[in-house]
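Engineer: Below are the sequence and a predicted model for it; my questions follow.
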Amino acid sequence: ALPIFLLEVLICYLVLCGILATSVHWLNEWRKPLGFDYENVWSAEIGGMRYGVGGEQAAADRQALADLLRAVRALPETESVALSTNTPYSGSSWADGTQIDGESVHYSWNQISQDLPVVLHLELVHGRWLDETDAALGYTPVVLTRDFARAVFKTDKDRKSTRLNSSH
């Protein structure tokens with residue numbers, strides 16, 4: 001009877017250690033800075049528009065968004081306004097993948113207007129934010145997270161610099 005009791009105590013101890021380790025992990029995750037400010041930020045979902053449409057529908061959608069942004073900016077309570085295909089805590093995401101130097105790379109992506117860094121108080125670690133002059137480039141420039149950049153563009157002596165051009 002004593003060996004079974006000791007086994008039960010050992011199992012309980014291991015389960016308790018697992019719960020404690022998991023709790024400490026998620027507490028540390030919860031305490032990490034988000035990288036953006038959500039206080040005093042409102043999010044409104046706009047339905048009825050489809051990504052990738054062309055012609056008259058695209059022009060009508062752009063005009064509707066411009067009118068909406070102009071109306072919201074005119075409100076006295078509004079400090080700044082931005083567009084984003086996905087917003088924090090919306091539960092939506094866009095994901096894609098590509099091959100870089102023979103490695104499969106999967107990523108989530110988002111299209112935003114130039115004012116989103118102002119709205120969410122985003123701090124750029126390195127480089128610059130995109131602006132209207134980037135429209136003249138022969139490729140679609142992107143802003144990467146630090147973790148993504150480190151994972152994809154490893155800095156070892158065997159790997160040359162790689163430029164990531166997006167077709168999105």
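Structural biologist: Structure's in. What do you need?
Engineer: Counting neighbours, what do you get for Leu6?
Structural biologist: 10 (other Cβ atoms under 10 Å). From N, CA and C alone the C-beta is placed, and that goes for glycine too.
Engineer: distance of it from Gly18?
Structural biologist: 19 Å (Cβ to Cβ, to the nearest Å).
Engineer: Could I get the buried residue list for the lowest-mean-pLDDT helix or strand in the chain?
Structural biologist: Least confident helix or strand of the chain, by mean pLDDT, DSSP states H and E, is helix 146-152 with a mean of 82. Buried residues in helix 146-152, counted by 16 or more other Cβ atoms under 10 Å: Phe148, Val152.
Engineer: Now do it: distance to the chain's middle.
Structural biologist: Using Cα atoms, centre = their mean, to the nearest Å, the mean C-alpha position of helix 146-152 is found 13 Å from that of the whole chain.
Engineer: helices and strands around that helix, which ones?
Structural biologist: The contact analysis (3 or more Cβ pairs under 8 Å, 6 or more residues apart in numbering; DSSP states H and E) places helix 146-152 against strand 103-109.
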